[in-house]
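**Q** Generate a structure from the sequence data that follows.
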Amino acid sequence: MQSLDRAQPPQPAMNGCSADGFIFSGSTFHNRYDKDYRGAADAQPPARWIQDTALLQHDHPKVRLLGMKLTQLKSGNRDKAVACFEYVRSLKFSCAVDAVHMPSVEVLAARMGDGFSKSTLFIALLRSVGIPARLRIVLLRPSYMRGISGGDGSVVEHAFTEVLVDREWLGVDTYVIDLQLNLRARTRLAEERRSAGYGVHTKGSVSWDGKSSSFGQFSSEDPGSLPILDLGAYDDVHQFHASAGPAALSEWASRKTWSFTSVMANRRLRKLRRPHEGESCQAVVPMVGAVVPARSAQR
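**A** Numbering: from 1, shown residues only. Below you'll find the model as predicted:
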């Protein structure tokens with residue numbers, strides 16, 4: 001097995017953007033982070049984004065077999081990509097102690113993960129069936145994590161996946177939060193009269209059709225939630241961290257106490273998943289792009 005320390009970071013494919021999350025094109029600004037988002041093209045061929053890494057391990061028998069099982073009845077890359085998306089989204093969201101060194105096989109065995117570790121598995125599954133995919137890293141304000149990890153600090157790294165479908169790089173992060181947690185989070189946010197927290201944004205989406213981009217942890221309807229800096233595209237999170245270096249990482253990413261923080265975050269998540277006795281989930285903020293019966297949140 002290839003050593004993680006030997007993994008060579010690729011040259012990042014950068015998107016130029018302003019501090020408010022908009023890209024300058026010609027003489028006008030247009031909103032990048034909505035369903036019309038398209039990842040930046042680069043000089044490298046699509047095959048560049050199918051190669052294996054020590055973290056992805058998409059040639060591992062368990063990953064390859066799962067990829068084949070999920071896509072064997074699908075006719076095109078779009079349907080195959082959506083099938084992989086739905087599987088990864090079904091895994092419970094849980095903060096990993098060390099997602100930077102957590103290979104896809106371990107995420108698969110754990111059957112849960114966070115934004116970084118679920119991205120590792122999603123990209124591995126896509127590449128295992130021949131679909132080019134890559135990790136995009138942006139900086140977000142941490143308000144969307146309030147209620148899980150405090151929501152303090154200035155910025156936090158956020159990962160989403162770019163999938164090459166019909167020669168376009170579509171962005172998606174709606175596989176990160178599972179539907180049960182999304183429902184509970186939106187219910188809690190409605191009670192607190194807030195638009196973001198517990199890993200979601202109430203104006204964000206929860207699904208992906210493979211035809212356009214889909215974001216759930218920020219929304220173009222709320223400019224303050226949008227990414228404030230694009231840090232580029234990578235094979236996986238380890239390559240990003242290796243190329244960025246400790247000094248370039250946010251306070252959250254470099255925090256030595258993350259092991260303790262993740263334990264506390266997962267405790268809050270477990271509490272959030274458990275509905276209060278006798279509580280009704282009928283009055284819930286609608287989730288864009290999905291219909292989830294209220295009884296699905298009940299145990």
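**Q** For the chain, which residues score under the pLDDT cut-off?
**A** 1-31, 150-153, 245-260, 275-299 (pLDDT under 70).
**Q** try 80
**A** Low-confidence segments of the chain, defined by pLDDT under 80: 1-32, 42, 149-154, 244-261, 275-299.
**Q** how close does residue 107 sit to residue 216?
**A** 19 Å (CB to CB, to the nearest Å). To be clear about C-beta, it is placed using only N, CA and C from the backbone, and glycine gets the same treatment.
**Q** Equivalent analysis for residue 57, please.
**A** Relative to residue 216, and taking CB to CB, residue 57 is found at 26 Å.
**Q** Settle it for me: which of those two has more neighbours?
**A** residue 216 (27 against 24; other CB atoms under 10 Å).
**Q** how about that one, phi and psi?
**A** phi -120, psi -10 (degrees, to the nearest 10).
**Q** That one and residue 161, how far apart?
**A** The value you get for residue 216 to residue 161, if CB to CB is used, is 12 Å.
**Q** Common neighbours of the two, please.
**A** Shared contacts of residue 216 and residue 161, defined by CB atoms under 8 Å, 6 or more residues apart in numbering, are found at residue 173.
**Q** Next, the contact list for the closest residue in space to residue 149 that isn't next to it in sequence, please.
**A** In space, and not counting its chain neighbours, residue 149 is closest to residue 265: 4.9 Å by CB to CB, 6 or more residues apart in numbering. Contact partners of residue 265, counting by CB under 8 Å, 6+ apart, are 95, 148, 149.
**Q** what's the helix or strand for the last one?
**A** Looking back up the chat, that one is residue 149. For residue 149, there is no helix or strand it lies in under DSSP states H and E.
**Q** show me what contacts it?
**A** Counted by CB under 8 Å, 6+ apart, residue 149 has contacts 95, 142, 252, 261, 264, 265.
**Q** Let me know the secondary structure of the first one.
**A** Using DSSP: H, G, I helix; E, B strand; the rest coil, the structure places residue 95 in coil.
**Q** so it touches residue 262, yeah?
**A** Yes: Residue 95 lies in contact with residue 262 (CB atoms under 8 Å); the separation is 4.1 Å.
**Q** So the closest residue to residue 64 other than its chain neighbours versus residue 44, what's the distance?
**A** Excluding the flanking residues, the one nearest residue 64 by CB to CB, 6+ apart is residue 128, at 5.0 Å. To residue 44, residue 128 is 20 Å away according to CB to CB.
**Q** more crowded one of the two?
**A** More crowded of residue 128 and residue 44, by other CB under 10 Å: residue 128, with 25 against 11.
**Q** got the CA positions of stretch 185-201 in PDB?
**A** In PDB, the C-alpha atoms belonging to stretch 185-201 read as follows (Å, rounded to 0.1, in the frame of the first residue of the first chain):
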ATOM      1  CA  ALA A 185     -31.500  20.100  12.200                       C
ATOM      2  CA  ARG A 186     -34.100  22.000  10.200                       C
ATOM      3  CA  THR A 187     -36.700  21.500  12.800                       C
ATOM      4  CA  ARG A 188     -34.300  22.800  15.500                       C
ATOM      5  CA  LEU A 189     -33.300  25.800  13.400                       C
ATOM      6  CA  ALA A 190     -37.000  26.700  12.800                       C
ATOM      7  CA  GLU A 191     -37.500  26.600  16.600                       C
ATOM      8  CA  GLU A 192     -34.400  28.800  17.100                       C
ATOM      9  CA  ARG A 193     -35.400  31.100  14.200                       C
ATOM     10  CA  ARG A 194     -32.000  30.700  12.600                       C
ATOM     11  CA  SER A 195     -31.100  29.900   9.000                       C
ATOM     12  CA  ALA A 196     -27.900  28.000   9.500                       C
ATOM     13  CA  GLY A 197     -26.500  25.500  12.000                       C
ATOM     14  CA  TYR A 198     -26.100  21.900  12.900                       C
ATOM     15  CA  GLY A 199     -24.300  21.300   9.500                       C
ATOM     16  CA  VAL A 200     -27.100  22.700   7.300                       C
ATOM     17  CA  HIS A 201     -28.600  25.800   5.800                       C
END
